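Student: need coordinates for the following:
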Amino acid sequence: MNFQPTEDHEALLDAVRKMVTRELTRLPATPARFEYAAAMQQQIADAGFFDCLAIDELGPVAAAAMVMQLCRLPLCLEMVASTFIAPLACPDRPGPFALAGERLDRPIRFAPVARTLIRLRAGRVDVAALAADAVQAVDSVFAYPMGLLCDPAALAWTTLADANAATLQRLWRLGTAAELAGCLSAGLDSVLDHVKDRRQFGRPLGAFQAVQHRLAACAASVESARWLVYRAASSGTEADAAMAAGFAQDIATKVAYDLHQFMGAMGLTLEHPLHRWTYRSKLLRTEPDGAAAHFSQLADAAWPVRTEDTTDTEAELPQ
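Tutor: Predicted structure coming up:
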């Protein structure tokens, strides 16, 4: 794919980069497991950036690029639902949003800070307002605000009859792939800076060939994930979305392992942000269905089974 950003894409990404630069100067002095950037979340919403998916001059490619850019922050932002789901499903509902699938009995990311819960199931989309007392925050290593619904049945659910559930599921996969690609890319950059500065045996760590080879493999995987996101955003097909999500989820464990190994103990401290990106990726590997399910969807799209073909084959088998 020969992707060349338009002037509108460049203007959006330039505005996002400036916003990111300003926000990085405001990082709190005391590190924590994660920092939910509520002020920046509202700033992005007020600027209308979350609406870029539905703007003809921008669309899914610009939306994916924006998500990948913002997910590089060591801060935590709710991006997938606000960018890919809410503008099509419930544009009049207030954000931030939390996104759930079939099961509501497990912790949901962003539930403690969300004002609206969107539930995507096969052929059905439901939304409900979330009050503060409807969610119980839970501790988690995943570097997201996580929460359990106190009583899902007590929520005032509304079924969105006009919402296209299949399209929203595809966009959920696209958004997950974009967020994963952004997290892994930021984690890789932080480790590259580390191996340039950290010295062992009188040389920078990055001067050792074994380190170079494995980091090059990580870079190739992360860059592949990024371009698969662009392809899925550009084509709008189920197969490309499944490929982008499945590939990003498939490489996440290996890339995170290598990044932490080359960072050493620093990668597990609160002082260094690497854990924020890699521990986000641990949870993103399961959304919305996980790599195995996405690859299965890709196979079904690439090689559909026709009933007549199956019948003919069975008829030719020896008795």
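
Student: and the strands in the stretch 151-300 of the chain, which stretches?
Tutor: Ranges of strands in the stretch 151-300 of the chain, per DSSP state E, counting those that start in this stretch, are 158-159, 199-200, 203-204.

Student: got TSV for those, with mean pLDDT and mean neighbour count too?
Tutor: Yep, even glycine has a C-beta here, placed from its N, CA and C like the rest. Shown next, in TSV, are these (pLDDT from 0 to 100; neighbours: other C-beta atoms under 10 Å):
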stretch	mean pLDDT	mean neighbour count
strand 158-159	96	12
strand 199-200	69	12
strand 203-204	76	12
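
Student: quick one: those as a markdown table, columns for distance to residue 55 too.
Tutor: Converted to a markdown table, the strands of the stretch 151-300 of the chain look like this (distance: least, C-beta to C-beta, whole Å):
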| stretch | distance to residue 55 |
| --- | --- |
| strand 158-159 | 26 |
| strand 199-200 | 49 |
| strand 203-204 | 45 |
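
Student: nearest to residue 136 among the ones you listed would be which one?
Tutor: Minimum separation from residue 136 across these (C-beta to C-beta) falls at strand 158-159, 22.8 Å.

Student: which stretches of the chain have low pLDDT?
Tutor: Scanning the chain with the threshold set as pLDDT under 70 gives 1-2, 29, 199, 205-207, 306-319.

Student: so for residue 112, which of the strands of the stretch 151-300 of the chain sits nearest?
Tutor: Closest approach to residue 112 among the strands of the stretch 151-300 of the chain is made by strand 158-159 (21.6 Å; C-beta to C-beta).

Student: right, and the strands of the stretch 151-300 of the chain - which one's nearest residue 118?
Tutor: Across the strands of the stretch 151-300 of the chain, closest to residue 118 is strand 158-159 (C-beta to C-beta), at 10.6 Å.

Student: any idea which residue sits dead centre in the chain?
Tutor: Nearest residue to the geometric centre of the chain (C-alpha atoms, centre = their mean): residue 179, 2.5 Å.

Student: the residue nearest to that residue when sequence neighbours are not counted: what's it in contact with?
Tutor: Excluding its sequence neighbours, the residue lying closest to residue 179 (C-beta to C-beta, 6 or more residues apart in numbering) is residue 71, at 4.9 Å. Residue 71 makes contacts with 77, 79, 178, 179, 181, 182, 183, 186, 280, as judged by C-beta atoms under 8 Å, 6 or more residues apart in numbering.

Student: now the residues you listed as JSON lines including distance to residue 302?
Tutor: Formatted as JSON lines, the contacts of residue 71 follow (distance: C-beta to C-beta, whole Å):
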{"residue": "77", "distance to residue 302": "34"}
{"residue": "79", "distance to residue 302": "29"}
{"residue": "178", "distance to residue 302": "22"}
{"residue": "179", "distance to residue 302": "25"}
{"residue": "181", "distance to residue 302": "22"}
{"residue": "182", "distance to residue 302": "27"}
{"residue": "183", "distance to residue 302": "28"}
{"residue": "186", "distance to residue 302": "32"}
{"residue": "280", "distance to residue 302": "30"}
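
Student: done for today, thanks.
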